[in-house]
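Engineer: Just to be clear, the model below is a prediction. Sequence and coordinates:
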Amino acid sequence: MSILKDLQDLIEADIITQETAEKIKNHYKDKGDSSINRLFVVFGILGAILVGLGIILIIAHNWDELSKTIKTIFAFLPLVIGQLLCGYALIKKNQSIAWKESTSTFLFFGVGASISLVSQVYNIPGDLSTFILTWMLICLPIVYVMNSSLTSLFFIVGITYYATETSYWSSPSKESYLYWPLLLSILPHYYQLFKKRPKSNFMVLHNWFVPLSVLIVLGTLADKEGELMMVAYFSLFGLFYLIGNLDFFTEQKARSNGYKLFGSLGMIILLLTLSFSEIWEDLRKHEYVFKELITTPEFIVSVILTALTSWMFYVYQKNKSIEDIKPLAPMFIVFAITFIIGHYFSFAVVLINLLVLAIGILTIRNGAEKNHLGILNYGLAIIAILITCRFFDTDLSFVVRGILFVLVGVGFFATNYWMLRKRKKNEH
């Protein structure tokens with residue numbers, strides 16, 4: 001690195017001291033070591049996966065020619081090898097993330113291979129969801145014994161697949177309530193990542209995997225009153241958005257903040273979906289029996305999520321002024337009220353459209369105040385999409401529709417041009 005080569009010249013020219021030069025050398029050495037360690041972790045994990053797949057393929061190729069005893073031995077072989085490797089990593093390589101993650105990955109897939117092979121050899125009946133659930137329950141201790149974040153991510157994917165297989169894809173569908181305690185069981189590891197390695201790649205991946213998993217599985221709670229899940233989902237989006245705006249996440253790069261992205265886009269998409277009058281007409285045709293309604297899982301989860309989001313909003317807002325409220329932060333409350341109104345009055349669709357328009361305008365203002373082109377264009381995009389929706393939903397003439405699109409296009413150009421000129425002016 002050129003700066004390291006120039007250090008001696010800088011010392012001789014009395015620009016820096018010998019002590020400062022040593023600090024610079026140590027800084028770049030640590031940075032280089034960190035990059036090497038990350039590569040070692042990645043290649044170690046890939047190596048473990050490839051070795052495991054290779055062993056499975058070799059066994060599978062000769063499977064039919066093997067006796068039942070040999071098949072049983074081979075069925076447990078991946079499990080035994082994985083445990084021995086994990087034991088070696090714990091005893092001899094306890095400080096090596098690469099060793100712990102790669103051996104844990106091998107053991108994770110070894111457990112799945114052993115379960116499936118034993119079931120095949122002895123013709124043990126069972127469906128796919130039961131297999132995945134058994135696999136995940138056996139592998140949960142690996143996360144904490146090995147302190148393996150990659151196994152935690154595999155676990156989240158596994159329980160998500162279990163829930164979708166059980167409730168979405170099976171016929172007849174069954175409840176997948178076990179998903180929720182399983183998800184809670186992984187949160188202590190997530191918290192340890194937050195405390196010890198808040199900027200690690202594993203932390204970033206958890207910030208995306210956890211909210212995405214919850215979004216996918218929440219729909220499994222729908223039963224007979226599925227339309228109430230709109231309130232549940234909107235409150236969940238609001239909760240994610242508020243979590244994404246906590247100090248910890250705002251100090252991170254945007255790529256680390258899956259909560260804010262899912263929350264913001266989710267609320268906007270749901271509002272735009274409900275900006276069409278046909279949906280509200282269908283909702284008003286539905287009749288509710290209150291005594292039956294309050295016992296449905298959709299109602300219960302909607303109340304729980306709305307209460308939880310209200311608490312998070314209080315936590316987020318308690319030390320801030322009203323002027324600091326972000327446009328989307330209190331929208332879950334407004335949406336819940338509008339949803340109730342929409343079951344009795346037709347003007348709810350007008351309120352939704354005005355709400356989306358207001359969010360777009362406030363987002364543009366927020367972007368202008370922060371001198372942030374991304375936020376500003378996001379607000380313009382919200383308004384543009386709203387106008388596009390009304391293009392297909394109103395009886396306006398094509399001339400009026402064309403003028404609206406021209407105005408939006410001019411708005412995009414004018415606001416971006418003004419923002420760029422403002423930045424140049426501030427630089428000078």
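Structural biologist: That came in fine, so what should we check first?
Engineer: What residues sit buried inside the helix or strand harbouring C139?
Structural biologist: Applying DSSP states H and E as the criterion places C139 in helix 128-145. Using 16 or more other Cβ atoms under 10 Å as the test for burial, helix 128-145 gives 129, 131-136, 138-140, 142-143. For the C-beta atoms, the positions are set from N, CA and C on the backbone; glycine is no exception.
Engineer: try stretch 366-377
Structural biologist: Neighbour counts over stretch 366-377 (16+ other Cβ under 10 Å) mark 366-368, 375-377 as buried.
Engineer: So for it, first residue to last residue, what's the gap.
Structural biologist: End-to-end distance of stretch 366-377 (Cα to Cα, to the nearest Å): 11 Å.
Engineer: which helices and strands sit right next to the helix holding C139?
Structural biologist: helix 68-92, helix 97-121, helix 149-164, helix 179-196 (3 or more Cβ pairs under 8 Å, 6 or more residues apart in numbering; DSSP states H and E).
Engineer: would you list those in TSV and tack on distance to I300 and mean neighbour count?
Structural biologist: Below are the helices and strands packed on helix 128-145 laid out as TSV (distance: least, Cβ to Cβ, whole Å; neighbours: other Cβ atoms under 10 Å):
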stretch	distance to I300	mean neighbour count
helix 68-92	41	16
helix 97-121	34	22
helix 149-164	18	22
helix 179-196	13	15
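Engineer: can you redo the ones you listed as a markdown table with distance to C389 and mean pLDDT?
Structural biologist: Conversion of those to a markdown table gives the following (distance: least, Cβ to Cβ, whole Å; pLDDT from 0 to 100):
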| stretch | distance to C389 | mean pLDDT |
| --- | --- | --- |
| helix 68-92 | 53 | 85 |
| helix 97-121 | 45 | 85 |
| helix 149-164 | 30 | 93 |
| helix 179-196 | 34 | 93 |
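Engineer: In CSV, list those along with distance to R390.
Structural biologist: Below are the helices and strands packed on helix 128-145 laid out as CSV (distance: least, Cβ to Cβ, whole Å):
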stretch, distance to R390
helix 68-92, 58
helix 97-121, 50
helix 149-164, 35
helix 179-196, 39
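Engineer: The ones you listed: which one's closest to I341?
Structural biologist: helix 179-196 (31.2 Å; Cβ to Cβ).
Engineer: From the contact counts, what lies against that closest one?
Structural biologist: So helix 179-196, by 3+ Cβ pairs under 8 Å, 6+ apart, packs with helix 128-145, helix 149-164, helix 201-218.
Engineer: Show me the contact partners of the shortest one.
Structural biologist: Contact partners of helix 149-164, identified using Cβ atoms under 8 Å, 6 or more residues apart in numbering, comprise 45, 101, 104-105, 108, 129, 132-133, 135-136, 139-140, 142-143, 176, 178-179, 182-183, 186, 189-190, 193, 200, 202, 205-206, 209-210, 213, 216-217, 220.
Engineer: how big is the angle separating that helix from helix 179-196?
Structural biologist: Put simply, helix 149-164 runs at 160 degrees to helix 179-196, going by axes from the mean of the first three to the mean of the last three Cα atoms, to 10 degrees.
Engineer: And for the last one?
Structural biologist: Angle between the axes of helix 201-218 and helix 179-196 is 160 degrees (criterion: the same axes, to 10 degrees).
Engineer: quick one: the helices in the stretch 301-428 of the chain?
Structural biologist: 331-342, 348-370, 373-391, 398-427 (DSSP state H, counting those that start in this stretch).
Engineer: Include mean pLDDT when you put those helices into TSV, please.
Structural biologist: Shown next, in TSV, are the helices of the stretch 301-428 of the chain (pLDDT from 0 to 100):
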stretch	mean pLDDT
helix 331-342	90
helix 348-370	84
helix 373-391	80
helix 398-427	65
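Engineer: Of these, which is nearest M229?
Structural biologist: Taking Cβ to Cβ, helix 331-342 is the member of these nearest to M229, at 11.1 Å.
Engineer: contacting residues around stretch 287-295?
Structural biologist: Identification of contacts with stretch 287-295 by Cβ under 8 Å, 6+ apart yields 225, 299-300, 343.
Engineer: Alright, calling it a day.
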